[in-house]
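**Student:** only geometry, no sequence info:
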């Protein structure tokens, strides 16, 4: 006699739970940080057994630190403190500027996608910049970013994004490209030159909130009046 429907349902649920648990265990087993964590634990045990208790304490302290950063809310709490000063509470009250400068770092090349890219976790930068541009916070939009290859052709993030903006008809202003940048410092230098060329006085600087402190310091050091717009919180 075959299993009843409730029994089959229970059997299926158990199989799915086992598959899910095995999948999570496999992911954990392939995580390099997990191996480092276990390696530090093993090192501490060996030091203790060999009589080097001071080294063992050092190893276990490192073990505890890795655990706190990776398995508790501590790292998220620390990151939130870094991001908090640059979170925008009142988007409607955000002042206007001559241009919106969006720093790169949120794309992965993918020629099989209709937009020729896949978005990374930092792609909130582009959505934020485009929304501000669409709202009319500035009549100029500036894209930075690195360079990647699509079907053998070198192309910058900015070129891909500009094509997207023009295809969708987002905003009524002008889109500028910084060229093929490799660092935030490079982007800062190019923005400074573009501002002098265009006669701009003030920009809205858009990047991930955790990245803003360093970015803003570079722009202010270059004498650029930049209003920080943090995102990707």
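**Tutor:** Yep, that arrived. Bear in mind the structure is a predicted one, so any value in this text is a computation, not a measurement.

**Student:** If we go by neighbour counts, what in the helix or strand encompassing residue 58 is buried?
**Tutor:** Under the criterion of DSSP states H and E, residue 58 resides in helix 53-71. Using 16 or more other Cβ atoms under 10 Å as the test for burial, helix 53-71 gives 56, 59-60, 62-63, 66. Quick note: C-beta positions are derived from backbone N, CA and C, even for glycine.

**Student:** Quickly note the distance from residue 142 to residue 98.
**Tutor:** 10 Å (Cβ to Cβ, to the nearest Å).

**Student:** before we move on, back to that, what about the helix holding residue 58, distance to the chain center?
**Tutor:** Chain-centre distance of helix 53-71: 28 Å, with Cα atoms, centre = their mean, to the nearest Å.

**Student:** what about it, average pLDDT?
**Tutor:** Helix 53-71 shows a mean pLDDT of 78 in the predicted model.

**Student:** would you list every one of the strands in the protein?
**Tutor:** 99-102, 107-109, 117-119, 140-143, 147-150, 153-156, 174-177, 202-208, 225-231 (DSSP state E).

**Student:** Of all those strands, which one is nearest residue 45?
**Tutor:** When the strands of the chain are ranked by distance to residue 45, counting by Cβ to Cβ, first place goes to strand 202-208 at 39.4 Å.

**Student:** what's the angle from that closest one to strand 225-231?
**Tutor:** On the basis of axes from the mean of the first three to the mean of the last three Cα atoms, to 10 degrees, strand 202-208 is oriented at 30 degrees to strand 225-231.

**Student:** Thanks again, I'm all set now.
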